[in-house]
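Peer 1: pasting the sequence and the predicted model now:
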Amino acid sequence: MHTIAAKAVCFGEALKPEFKVYQQTILDNAKALASGLISRGVDLVSGGTDNHLMLVDLRSLGVTGKELEHRLDEVYITANKNAIPNDPEKPFVTSGLRLGTAAATTRGLQAEDMDTIADCIKLAATDFEAKADEIRARVTAICEKYPLYR
C-alpha cells in the first residue's frame, strides 16, 4: 500500500505547473554544465546532452573515473565513475564519469552556477593537488548560496 501512496504523491506533483518548470531547469542546467565542460576541452561521449545526464570521457585528461570520483568526493561534488563505449579500463576503474543535474537543481542551482561546477570538475581532473582547497571553497560557497534548510 505504501507504494501506491508514493505513486499517487508523485503523480500529483507531476500534474502541477511547477513540475514542468523544474524539469526544464534540470535540462537547462545539464546543457549549461555540458557546455561549460566542452568549452574547457573536456570530452563528452555524445558531444553534449539532451537530457539530465552526461558521460565524460576522461582519457584525454589523464585520470580514471575511479580517481576523479574520489577527488570530487573530497571537494563535495558527487559523481559516479562510469564505463564509456569500448572502455579500455576495467569496470571497477573506468575511463568515464557520469554527471547529472537533478540533485543540484533540486537544491536550487541555476544554469549560471553550472559554469563554476564545470570549472571545478576540470580543475579536479587536471590540477587536483594544487587546487583542491580552492575547489572546496568554491563548492562550499555555492552550497551556502543554496542551503538545504532555511
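Peer 2: Done, it's in.
Peer 1: L55 is in what secondary structure piece?
Peer 2: strand 53-57 (DSSP states H and E).
Peer 1: please disregard the earlier target; I meant D113.
Peer 2: Counting by DSSP H and E, the element that carries D113 is helix 111-126.
Peer 1: ok, now T3?
Peer 2: Assigned by DSSP H and E, T3 belongs to helix 2-14.
Peer 1: can you give the contact residues for that helix?
Peer 2: F19 (Cβ atoms under 8 Å, 6 or more residues apart in numbering). Placement of C-beta: from N, CA and C, glycine included.
Peer 1: following the chain onward from it, which element is next?
Peer 2: In N-to-C order, the element after helix 2-14 by DSSP H and E is helix 17-39.
Peer 1: mind listing what's buried in that following helix?
Peer 2: T25, I26, L27, N29, A30, K31, A32, L33, A34, S35, G36, L37 (16 or more other Cβ atoms under 10 Å).
Peer 1: and if you look at stretch 45-63?
Peer 2: Within stretch 45-63, the residues scored as buried using 16+ other Cβ under 10 Å are V45, T49, H52, M54, L55, V56, D57, L58, L61, V63.
Peer 1: just stretch 106-126 next, same as before
Peer 2: Buried residues in stretch 106-126, counting neighbours by 16+ other Cβ under 10 Å, are found at 109, 111, 113-126.
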